[in-house]
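>>> Got a predicted structure here, sequence first:
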Amino acid sequence: MTVKLLKGIVTAAMASIAAAATIFSVSAYDIERHTQAEIKDMYDRLFFNIHTAPEYAEAYSAVSPVKSGKVAEDTLEEGLNSINFCRYLAGLPYDVELDDSYNIAAQNASLIIYMNSDQPLSHQPKQPAGMDDELYAAAYKASGECNIGKGYMNIQTSVIQGYMSDTDSMNIPSMGHRRWILNPEMKKTGLGIAGFGTAMYVRDRTRADKFTGDYLCWPPAQMPNELIGKNENGYAYSVTLNNTYDKPDRDKVVVKVTSKLTGKTWTFDKNSSNSVSDMVGYFNINDQYMGFGTCIIFNPGPLPENDAVDVEIKGIYKDGVETPISYKVNYFDLLDDSDYTLGFEKDSYELEIGQTMLLNGYDHPLSSGGYRLLYAADGGSYKDLADRIESGATALITAKQEGTLYCYLGHSPQDYYPEKCAAITITHKHERGGWIIETLPTETDEGLRYRKCSICGKEIDREIMPATSVAVAEVTFTEEKHIFTGSAVEPKIKVFSGEKRLTADTDYTISYTDNTAIGTGYVIIKGIGYFSGEKKVAFEIVRRDPAALSKLDITFKSEGIYYTGRDIEPKLTIKEGSYTLVKNSDYTVTYKNNRNAGTGMAVVKGMGDYVDTLELSFEILPADIGYPWAETKLGEVKYTGKPIMLRLALNSQVSGEELIEGIDYRVSYENNLEIGTSTVTVTGIGNYSGTTTNTFNIVAPEDYKGGDRTDLIEFNCNTAVSIEGANEDNTEVSFVSSDGVIYNVVAVISGTFYADLPDGEYEVWVVKKSCAPVHSSITADSEMSSIDVKVYQYGDINHDGQINVTDTSLSSAFTKGRRAPADSEQRDMADVNRDGKLNVTDTSKIAAHVKGVKALVIDQDFVIPTDGNDKQKTADTAE
């Protein structure tokens, strides 16, 4: 990936593909869904700031003697929080831990990136000058096992802006970094940073639980705007399929992405570009091993903030049966920009040559707010005075030459804030003598020391010396509650002496006592190295209180469920922290109305340590009727001069059961009167949806070679009305005779409808809800008579069969007087409010329908005009 900075480029590369470790499987889990409120709370728990400078417990060195160093715990934890937060958003377990050996590997990989500053980022790096063979071998191996990055200010920035984005020409073909971070099998990782080189160990597969979900998507269902950033290429989408799906074929997969705020829909299919020169509109399927599954990748380009995006993926299969995926991505603000300020902490700073400082002009932890740093200098060019690694209004500045560097905040050299300025005075590199003890530390009190520069005599490096005994250290627990689970409880701690955080096994050792039962346990720390003394801190081990189910994290599949012909029990996961409740041990669940299409109900009752009763509803959607035909063709039928209909033998593609006409489907025919090919259309109802067609041939009696067919439906009729546009139930067809008698036919779907009417002339009315009534005429006698009519919905002003932005524009033009309706019919179609006027109400209703805000439904009682009596009869009819 390439993100341009004032110094160099930010790049990232994924871990190489190599043999992985053994999978351990104990239990199973699916993805969790989180609300925006829950995500905001989780960010408070897993806080990280992309504008902080890394700190080191042991300094690295790129010159002799070369050494990798060791990153400080606080820096590692902030980087780890960014990883676990992304996994939380994706619905994965967010308890990935740091491993010491992995940290060493990642730090070695980071160092070789930094030392090879003039080389391209590589998983097979060259040996830099000064690095011995042993360290090079370790760094080379680690480079192939890590996500690696170059040019990032800190670890968490490389995670958020680098690895999780992957929207650049190098990485979009595979989305490798993102997939490694979202590897369900990862339990441990390691992190490193040296200068502008960063690395994350990603080859761990030691998580015991097995992921059973069908897919992972990123961006996830709820996506903070702050994690997207601004990129002219947008932010690519990825959907990684589990092995429950067949391997997808790019020639068959079709992805549709619809933006609510723009109203645009993008379609990605075999005709879409998979060239990295076409970043926007890019579409690819990658099956390289990147920790998990086969990945479908598509990029609609930049989207507005707070958008709601619908994604639908078709042409993907399970065991040969198409199984589409659909989901929604809601973008939202994780933090409130108004809570953060623009400006530097101080007006002036001092920095000596060779030193690095963090300068932050905007204190938002996840955003640059569109601001950037601008520079001026005394004593030379600002580029000569200092090197910088920048991210928006924040920079790591390394002094190179004496002078004064002036830093301004703004948007461009022409648009900045003169009053938002910080002056950095760069001095000579001080010559340091030994430490001068101003106040000697004791076991209980801090001391103070400093050095003096032998050149200028200035006091420098003034620092507090911690009290020497850990007995006065502050010990805090990372978790507030310590619950007995049947084994020893060993809570994690943080130890501080003053403002200094102490390091386990460097500054102190840790042990526990009385920690195997409910009651009071103790953690004991003993000072080592600089520190001495001992401290014993109590903590309470408690039995858990009964927990209300309604207060727990509940993941329940309530959408995307289709009729199967069997009782449906949607996936239910209930978690308390990292513990997943066990059915029939922690709760019971019973189901109601869980077989047929409609609203089902799961009744969940707590037991044991859990209380509460929950009712969780879910929607069972009609199954697609698919291809229920036993034969690909329905054969030949002898011409009779009457419409021909067949008794169909259809079987469900989901349950195998025989389908019942009128309950599972309706039938309509096209061209079933004259010699030729007739089309049978079956439309699912009830537990089924969609349509399917088949054909049969009507042949002349002298050409018919078959025997008598037992599946023919015989009926008498002399009139036929072919209706286009009646694609919903309850379209009424009425025949009005010359003496005013009304014969009614209820049509249920587009197609041809028949009636056996007394001889005579008839006025024909076709009436459908929300549509303009259609008037025609027909003659009934001994010969078949037929007419064709088309029904248009009110609001379809230009009669193109759909209500769209063209109709909104026409309505607006009529309302504002810029254009008059072409005729009375067009005026009638524009009057959707049915008040005889054309005004802003009509335009608003049409616009709301077009934008998907509110469907246009018009309730209008239409009275069929008659000249004689209006006695109604029901004609003998068929569809």
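In hand now; what should we look at? Numbering: from 1, shown residues only.
>>> Show residues contacting the helix or strand hosting Thr198.
Using DSSP states H and E, the element containing Thr198 is strand 197-201. Residues outside strand 197-201 that contact it (CB atoms under 8 Å, 6 or more residues apart in numbering): 79, 83, 99, 102-103, 105-107, 109-114, 142-143, 145-150, 152, 154-155, 158-159, 162-163, 180-181, 189-193. In short, each C-beta sits where N, CA and C put it, glycine included.
>>> what do you get for stretch 412-419?
In contact with stretch 412-419 (CB under 8 Å, 6+ apart) are residues 342, 372, 374, 408-410.
>>> Following the chain onward from the strand holding Thr198, which element is next?
Following strand 197-201 in sequence, per DSSP H and E, is strand 210-211.
>>> what are the pairing partners of the helix or strand following that next one, and which direction each?
Sequence-wise, the next helix or strand downstream of strand 210-211 (DSSP H and E) is strand 215-218. Strand pairing for strand 215-218, using DSSP bridges, gives strand 237-241 (antiparallel).
>>> so how far is the helix or strand just after the strand it pairs with from its chain's centroid?
Sequence order places strand 254-259 as the next helix or strand after strand 237-241, per DSSP H and E. Its chain's C-alpha centre lies 13 Å from the corresponding centre of strand 254-259 when counted by CA atoms, centre = their mean, to the nearest Å.
>>> so what strands line up beside strand 254-259?
strand 265-268 (antiparallel), strand 308-314 (antiparallel).
>>> Now do the same for stretch 122-135: mean pLDDT, whole number.
Model confidence over stretch 122-135 averages 96 on the pLDDT scale.
>>> Over to stretch 150-165?
96.
>>> And Pro304, how far from Gln222?
17 Å (CB to CB, to the nearest Å).
>>> wouldn't Ile297 be in contact with Thr240 here?
No: between Ile297 and Thr240 no contact is recorded; they are 9.4 Å apart, counting by CB atoms under 8 Å.
>>> picking that back up, out of Pro304 and Gln222, which sits in the more crowded spot?
Set Pro304 next to Gln222 and count neighbours by other CB atoms under 10 Å: Gln222 wins out with 20 against 11.
>>> what about Gln161, which SS state?
Counting by DSSP: H, G, I helix; E, B strand; the rest coil, the backbone at Gln161 sits in helix.
>>> Which strand or helix spans Gln826?
Counting by DSSP H and E, Gln826 is part of helix 824-830.
>>> and if you look at Asn694?
strand 691-699.
>>> partners of that strand, with directions?
Strand 691-699 has these strand partners (DSSP bridges): strand 636-638 (parallel), strand 676-684 (antiparallel).
>>> can you tell me which of those strands comes nearest to Pro628?
Proximity to Pro628 (CB to CB) singles out strand 676-684 among those, at 7.1 Å.
>>> For the closest one, give me every contacting residue.
By CB under 8 Å, 6+ apart, the list of residues contacting strand 676-684 reads 622-625, 628, 634, 637, 644, 646, 648, 650, 664-672, 690-698, 749, 751.
>>> Just the buried subset of the residues you listed, please.
622-625, 628, 634, 637, 644, 646, 648, 650, 664-670, 672, 691-692, 694, 696, 698, 749, 751 (16 or more other CB atoms under 10 Å).
>>> Just these: which are in strands?
623-624, 637, 646, 665-670, 691-692, 694, 696, 698, 751 (DSSP state E).
>>> circling back to that earlier point, tabulate the strands paired with strand 254-259 in CSV, adding columns for mean pLDDT and distance to Lys247.
Below are those laid out as CSV (pLDDT from 0 to 100; distance: least, CB to CB, whole Å):
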stretch, mean pLDDT, distance to Lys247
strand 265-268, 98, 18
strand 308-314, 97, 14
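>>> To Leu335, which of the ones you listed lies closest?
Closest among these, using CB to CB: strand 308-314, at 19.7 Å.
>>> Distance from the closest one to the middle of the chain?
10 Å.
>>> Show me which residues of that strand are buried.
Buried residues in strand 308-314 (16+ other CB under 10 Å): 309, 311, 313.
>>> Quick one: name whatever helix or strand follows it.
strand 317-318.
>>> Which strands or helices does that following strand pack on?
For strand 317-318, not one helix or strand is in contact under the criterion 3 or more CB pairs under 8 Å, 6 or more residues apart in numbering; DSSP states H and E.
>>> which residue is nearest the middle of the chain?
Pro220 (2.0 Å; CA atoms, centre = their mean).
>>> quick revisit: any chance of the strands paired with strand 254-259 in CSV, with distance to Ser511 too?
Converted to CSV, these look like this (distance: least, CB to CB, whole Å):
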stretch, distance to Ser511
strand 265-268, 58
strand 308-314, 52
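>>> So for Asp204, which of those strands sits nearest?
The nearest among the strands paired with strand 254-259, by CB to CB, is strand 308-314 at 29.4 Å.
>>> Just the CA atoms of the helix holding Gln826, as PDB, please.
These are the backbone C-alpha positions of helix 824-830, laid out as PDB (Å, rounded to 0.1, in the frame of the first residue of the first chain):
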ATOM      1  CA  SER A 824     -55.200  14.300 -19.300                       C
ATOM      2  CA  GLU A 825     -53.800  10.800 -18.800                       C
ATOM      3  CA  GLN A 826     -50.400  12.000 -17.900                       C
ATOM      4  CA  ARG A 827     -51.900  14.600 -15.500                       C
ATOM      5  CA  ASP A 828     -53.900  11.800 -13.900                       C
ATOM      6  CA  MET A 829     -50.800   9.600 -13.400                       C
ATOM      7  CA  ALA A 830     -49.000  12.600 -11.700                       C
END
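>>> name the helices or strands packed onto that helix?
helix 805-816.
>>> Now do the helix it packs on: everything it contacts.
Residues contacting helix 805-816 (CB under 8 Å, 6+ apart): 795-798, 800, 819-821, 827, 830, 838-840, 842-843, 846-847, 850.
>>> hmm, try it at 6 Å
795, 797-798, 819, 821, 830, 838-840, 842-843, 846-847, 850 (CB atoms under 6 Å, 6 or more residues apart in numbering).
>>> Now that we have those residues, which of them are buried?
Using 16+ other CB under 10 Å, the buried members of these are 795, 797-798, 821, 830, 838, 842-843, 846-847, 850.
>>> Ramachandran coordinates for Ile181?
With angles defined as degrees, to the nearest 10, Ile181 sits at phi -60, psi -40.
>>> which residues does it contact?
So Ile181 contacts Tyr163 (CB under 6 Å, 6+ apart).
>>> Likewise for Tyr237?
Phe298.
>>> what are the bridge partners for it, then?
Bridge pairing for Tyr237 - DSSP bridges - gives Phe298.
>>> Next: Leu621.
Tyr562.
>>> That one - how many residues pack around it?
Other residues close to Leu621 by other CB under 10 Å number 14.
>>> for the record, mean pLDDT for whichever helix in the chain runs longest?
In the chain, with assignment by DSSP state H, the single longest helix is helix 73-90. Regarding helix 73-90, the rounded mean pLDDT is 97.
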